[in-house]
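S.K.: predicted model follows, preceded by the sequence.
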Amino acid sequence: MRVLLVEDDRMIGAAVQQALSDAAYAVDWTTDGEQALAAALAQAYDLVLLDLGLPRRDGIDVLRQLRARDARVPILIVTARDEVEDRIAGLDLGADDYVLKPFDVQELLARMRAVVRRQGGSASPLLTNGAITLDPVTRDVSFEGRSAALSGREFTLLQALLVRPGAILSRQELEERIYGWNEEVESNTVEVLIHGIRRKLGPAVIRNVRGVGWRVDRAA
Ligand code: CA
């Protein structure tokens, strides 16, 4: 999952970036509204975390511009308790939910999962395809009834494929789900992660489509 974090408060931004990285999200952090809008239009994110009071372009305007251009990315606004009118405006302009500052990081992560889940059209927190079940809350994975402990990045990669079973993701698309802006991409990471997942779950769990990418077969 790749998240655009828009927050001009350095302390809050750094804390949220750390918490999201610990939860194996790829995070791009920007501190101004202008850059946020440009990034959200240029890159496919799974979620935008949007502060409202921002330099150069306020969060409400970022939201308005994104929805006006039909960007469907889930947007979670992050506001102070006294910004009631902005919060209402944000929801009316197409934000998916909001979190009040100061917030508990665990609550933020739970709301993010809920928003992403609704976007995927599912009320269930579990991601299931055939014999594979993946739990984004506990990060438990099971395949054919056996559970396996995947690393954070292995989990993130498998999750990216499982969100759309049957769809082929290229190396670049997978790397974009795993790495944020300031993280160095190692050249064979995708192969290493897939090797790890196959070793733990079985070789058939991820298919290689030669020269194109990888997919999880859609279960019948
Ligand atoms: Ca702010």
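M.R.: Ah, there it is.

S.K.: and residue 142, what does it touch?
M.R.: 132-133, 148 (CB atoms under 8 Å, 6 or more residues apart in numbering). C-beta: built from backbone N, CA, C; applies to glycine.

S.K.: let's see if you can find the most crowded of those residues.
M.R.: residue 132 (21 neighbours; other CB atoms under 10 Å).

S.K.: which residue comes closest to that residue once chain neighbours are left out?
M.R.: Counting by CB to CB, 6 or more residues apart in numbering, residue 143 is the residue found nearest to residue 132 once chain neighbours are left out, at 5.2 Å.

S.K.: quick one: pLDDT of that neighbour?
M.R.: As predicted, residue 143 sits at a pLDDT of 88.

S.K.: right, and it touches residue 130 too?
M.R.: No. Counting by CB atoms under 8 Å, residue 143 sits too far from residue 130 to count as a contact (9.1 Å).

S.K.: whichever residue of the chain sits closest to the ion: what secondary structure?
M.R.: Using CB to the ion, the single residue of the chain nearest to the ion is residue 53, 3.8 Å away. Three-state assignment for residue 53 (DSSP: H, G, I helix; E, B strand; the rest coil): coil.

S.K.: same check, this time on residue 185
M.R.: Classified using three-state DSSP, residue 185 is coil.

S.K.: how about it, what does it touch?
M.R.: If you count contacts by CB under 8 Å, 6+ apart, then residue 185 has 175, 179 around it.

S.K.: with residue 104 instead?
M.R.: No residues are in contact with residue 104 under the rule CB under 8 Å, 6+ apart.

S.K.: residue 34 - how many residues pack around it?
M.R.: 14.

S.K.: looks like the residue of the chain closest to the ion contacts residue 7 (just checking).
M.R.: No. Counting by CB under 8 Å, residue 53 does not reach residue 7; the two are 10.0 Å apart.

S.K.: can you tell me how far the residue located most distally from the centre of the chain sits from residue 53?
M.R.: The outermost residue of the chain, judged against the average C-alpha position, is residue 82 (28.1 Å), by CA atoms, centre = their mean. Residue 82 sits at a distance of 11 Å from residue 53 (criterion: CB to CB, to the nearest Å).

S.K.: which residue, neighbours along the chain excluded, lies closest to residue 129?
M.R.: Residue 129 sits nearest to residue 165 (CB to CB, 6+ apart), 4.5 Å away.

S.K.: related to what we said a few turns ago, among the contacts of residue 142, which ones are in strands?
M.R.: Residues of the contacts of residue 142 located in strands (DSSP state E): 132-133, 148.

S.K.: mind putting those into a markdown table with distance to the ion and pLDDT?
M.R.: Below are those laid out as a markdown table (distance: CB to the ion, whole Å; pLDDT from 0 to 100):
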| residue | distance to the ion | pLDDT |
| --- | --- | --- |
| 132 | 40 | 92 |
| 133 | 39 | 92 |
| 148 | 41 | 90 |
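
S.K.: residue 91: which of the residues you listed is nearest?
M.R.: Nearest to residue 91 out of the ones in strands among the contacts of residue 142 is residue 133 (CB to CB; 32.6 Å).

S.K.: need phi/psi at residue 210.
M.R.: According to degrees, to the nearest 10, the main-chain angles of residue 210 amount to phi -50, psi 130.
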